[in-house]
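# Provide a 3D model corresponding to the input given below.
(one chain, ligands or ions: 2)
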Amino acid sequence: MKKIVAPVSVVIIIGAIGLVVYNIKASLGTSYDKASYPYVCKDCKAVFDVQDFRKPGAYKMPKGAPSDSVATCLKCNKGWALPVTRCEQCGTQHVLYLISDCRCPKCFPEAAAAAKKAGVDTIFKKPG
Ligand SMILES: [Zn+2]
Ligand SMILES: [Zn+2]
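Ligands and ions are numbered 1, 2, ... in the order given. Model (predicted):
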């Protein structure tokens, strides 16, 4: 009896470890795939979700874009849709790549000054 019981429990333990590793990998993958944050078109101001650009054929990188995080707007099809990020310090949602200084305009007065100088507002306002 003992000869049979030992290998079975080893198999169960290995199986359990494998399942845990698989679950960790799956949850990491899920958090990336299901990440949700806004994108805003700097031309027509349309707001999208990052998931809208993950649909097949939806994402096009605009010519001259500073990053592949910038996408061609799905509405006007020419403006740059820019990702919106949330400041970890103060929670302000601000638009990336509008100016070269992508830091939070509330935490970094230099970033706010640079935006003002460029005549843009990098703070994201939810439409409506
Ligand atoms: Zn647009
Ligand atoms: Zn901040």
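# For Lys42, which non-adjacent residue is spatially closest?
Closest residue to Lys42 apart from its sequence neighbours, by C-beta to C-beta, 6 or more residues apart in numbering: Trp80 at 5.2 Å. The C-beta positions use only the backbone N, C-alpha and C, and glycine is treated the same way.
# how close does Tyr39 sit to ligand 1?
Using C-beta to the ion, to the nearest Å, we find Tyr39 at a distance of 10 Å from ligand 1.
# how far away is that residue from Val70?
9 Å (C-beta to C-beta, to the nearest Å).
# what residues are shared contacts of the two?
Residues touching both Tyr39 and Val70 by C-beta atoms under 8 Å, 6 or more residues apart in numbering: Ala81, Leu82, Pro83.
# ok, residues contacting the lengthiest strand in the chain?
As assigned by DSSP state E, the longest strand anywhere in the chain is strand 80-86. Identification of contacts with strand 80-86 by C-beta under 8 Å, 6+ apart yields 37-43, 46, 48, 50, 53, 62, 65, 69-74, 92-98, 102, 124.
# Report the buried members of the residues you listed.
Burial by neighbour count, judged by 16 or more other C-beta atoms under 10 Å, picks out 38-41, 48, 50, 53, 65, 69-74, 93-98, 102, 124 from those.
# And the helices in this structure?
For the chain, the helices defined by DSSP state H cover 2-33, 109-118.
# Which of these has the lowest mean pLDDT?
In terms of average pLDDT, helix 2-33 trails the rest of the helices of the chain, at a mean of 62.
# Is stretch 71-91 positioned near ligand 2?
Yes - contact of stretch 71-91 with ligand 2 (C-beta under 5 Å from the ion) involves Cys87, Gln89, Cys90.
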